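Trainee: pasting a predicted model and its sequence here:
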Amino acid sequence: MAATPTSPIAAAACTSSQLQIAYLGLSGGAGNIELEFEVRNTGSVACELTGWPRVQLLNAAGDPLPTLWTQTTSIMAASAQPVPVVLLPGLPPMPGFAAIPTPSSQGVAGYAYIWIAGDDVLSPCENAAEVGFSLPGTTGTITVDLIESSFPSGPTLCSDGSLDVLPVAASWPVIEQVPPTPTATK
């Protein structure tokens, strides 16, 4: 008898109340900045997200900052496609930024990831203390604190809040390998 292929987990759309988002930190260079986030399902049933989050930068008082986000499938040297991501139920709550281990290049099964890219050079610039997410297919906003010891006022984001946003993904984005440029030898 032939083996039956494993069927994917059937899951309803996620609701904001069953999700929690943690800020994992930022990276960047040469005027570019990338913010990385992990999404966990703290509910009791699996749920699914597909597509791009809506993003709103906030100041320390929780007031909106200028934010113009663009849906994209490529930022800096990374890319991701909009595909269904199933978040497994009952995953542990976030312990807080300082206690979150650096994730593997593949991410953690059952979680989802969000990447936002912008610049920290071209004026006007603002310090974003928080970011509000409206995840695809959900209602409500999940606000995430961006304060960390390296950036006590939050990261500086410029270009009047212009951001590129990758779709929610089940793993870290694909890093596009750029072959080294051959050098002339004498």
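Mentor: Cool, got the structure. Numbering: from 1, shown residues only.

Trainee: give me the most central residue, the protein.
Mentor: I114 (1.7 Å; C-alpha atoms, centre = their mean).

Trainee: what pLDDT is listed against that one?
Mentor: On pLDDT, I114 comes in at 93.

Trainee: okay, and the beta partners of it?
Mentor: Beta-bridge partners for I114, by DSSP bridges, are F37.

Trainee: shouldn't it be in contact with A170?
Mentor: No: using C-beta atoms under 8 Å, I114 and A170 do not qualify as a contacting pair, with a distance of 11.5 Å. Any C-beta I mention is one placed from the backbone N, CA and C, and that applies to glycine too.

Trainee: what about the residue nearest to Q18 when sequence neighbours are not counted, neighbour count?
Mentor: Once flanking residues are discounted, Q18 sits nearest to G43: 3.0 Å by C-beta to C-beta, 6 or more residues apart in numbering. Close neighbours of G43, defined as other C-beta atoms under 10 Å, add up to 18.

Trainee: secondary structure element holding G43?
Mentor: G43 is part of no helix or strand when elements are defined by DSSP states H and E.

Trainee: next up, the contacts around it.
Mentor: 15, 17-19, 89-90 (C-beta atoms under 8 Å, 6 or more residues apart in numbering).
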